[in-house]
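Asks: return a 3D structure for these sequence lines:
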Amino acid sequence: MDAPQNPGGIFQPEPNYSDQRRDELIKEIEAAPANLRRAVAGLTDSQLDTRYRNWTIRQIVHHLADSHVNVYIRFKWTLTEENLTIKAYNEGDWVALADSRLGAVDAPLALLEGVHLSWVQLLRHMTAEQFQRTFVHPETGKTVHLADALCSYAWHCRHHTGQILWLRQQHNW
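Replies: Residues are numbered from 1 along each chain as shown. Next up, the predicted model:
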């Protein structure tokens with residue numbers, strides 16, 4: 001069976017969501033590292049090197065840490081700078097590096113946990129006005145509100161953890 005594109009569900013933008021929904025999204029960000037850690041718990045090196053479409057489970061774990069370090073910094077920049085155009089990075093090139101292809105997953109899991117602890121602390125202290133601050137993504141030229149980035153990255157956690165859980169289910173791991 002071919003792996004589904006979005007086993008955690010298709011991303012659905014949520015413009016103008018409520019304060020309650022924002023709190024729910026922050027809780028998702030808070031829970032994401034533990035969910036990912038559970039998803040990879042007990043996997044062997046061989047299982048970690050199993051591909052889900054283009055990336056192995058190992059690469060997915062490294063990607064989540066890399067991506068969320070970047071988004072945390074983007075939030076900080078957006079809160080402290082005006083008319084910000086963020087620095088983009090090529091995620092495919094990053095997961096092709098030796099650490100992502102061959103390295104243990106303990107370090108990126110710990111990094112993700114630390115980043116999310118700091119990020120959640122920041123998110124919980126942000127005002128509604130701060131969530132309306134924006135950055136520009138240089139590759140798309142789109143202006144992104146921090147509220148929309150929060151929604152997108154909560155989905156991002158579900159998306160990649162869902163890929164790993166799908167593989168576990170298919171292989172009965």
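
Asks: buried stuff in stretch 73-82?
Replies: R74, F75, T78 (16 or more other CB atoms under 10 Å). Any C-beta I mention is one placed from the backbone N, CA and C, and that applies to glycine too.

Asks: and the strands in this protein, which stretches?
Replies: With DSSP state E as the definition, the chain shows strands at residue ranges 51-52, 55-56, 84-85, 134-136, 143-145.

Asks: got the ones you listed as a markdown table, with mean pLDDT and mean neighbour count columns?
Replies: Formatted as a markdown table, the strands of the chain follow (pLDDT from 0 to 100; neighbours: other CB atoms under 10 Å):
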| stretch | mean pLDDT | mean neighbour count |
| --- | --- | --- |
| strand 51-52 | 97 | 16 |
| strand 55-56 | 98 | 19 |
| strand 84-85 | 95 | 14 |
| strand 134-136 | 97 | 17 |
| strand 143-145 | 97 | 15 |
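
Asks: please name whichever of those is nearest to Q20.
Replies: strand 143-145 (17.9 Å; CB to CB).

Asks: shaky segments in the chain?
Replies: Applying pLDDT under 70 to the chain picks out no residues at all.

Asks: quick check: buried residues in the longest helix along the chain?
Replies: Of all the segments of type helix in the chain, defined by DSSP state H, the longest one is helix 146-171. For helix 146-171, the neighbour count (16+ other CB under 10 Å) marks 146-168 as buried.

Asks: hey, where'd the helices end up in the protein?
Replies: Under DSSP H, the chain gives helices at 19-40, 45-48, 57-80, 91-96, 98-102, 106-125, 128-131, 146-171.

Asks: once you drop chain neighbours, what's closest to T134?
Replies: Taking CB to CB, 6 or more residues apart in numbering, and ignoring the residues beside it in sequence, T134 has T143 as its nearest neighbour in space, at 4.9 Å.

Asks: A147 now?
Replies: Sequence neighbours aside, F131 is the residue nearest to A147 in space, at 4.1 Å (criterion: CB to CB, 6+ apart).

Asks: let's have the buried residues of stretch 73-82 in CSV, adding distance to A41.
Replies: Formatted as CSV, those follow (distance: CB to CB, whole Å):
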residue, distance to A41
R74, 30
F75, 29
T78, 34
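
Asks: so which of those comes closest to A104?
Replies: The closest of the buried residues of stretch 73-82 to A104 turns out to be R74 (CB to CB; 26.8 Å).
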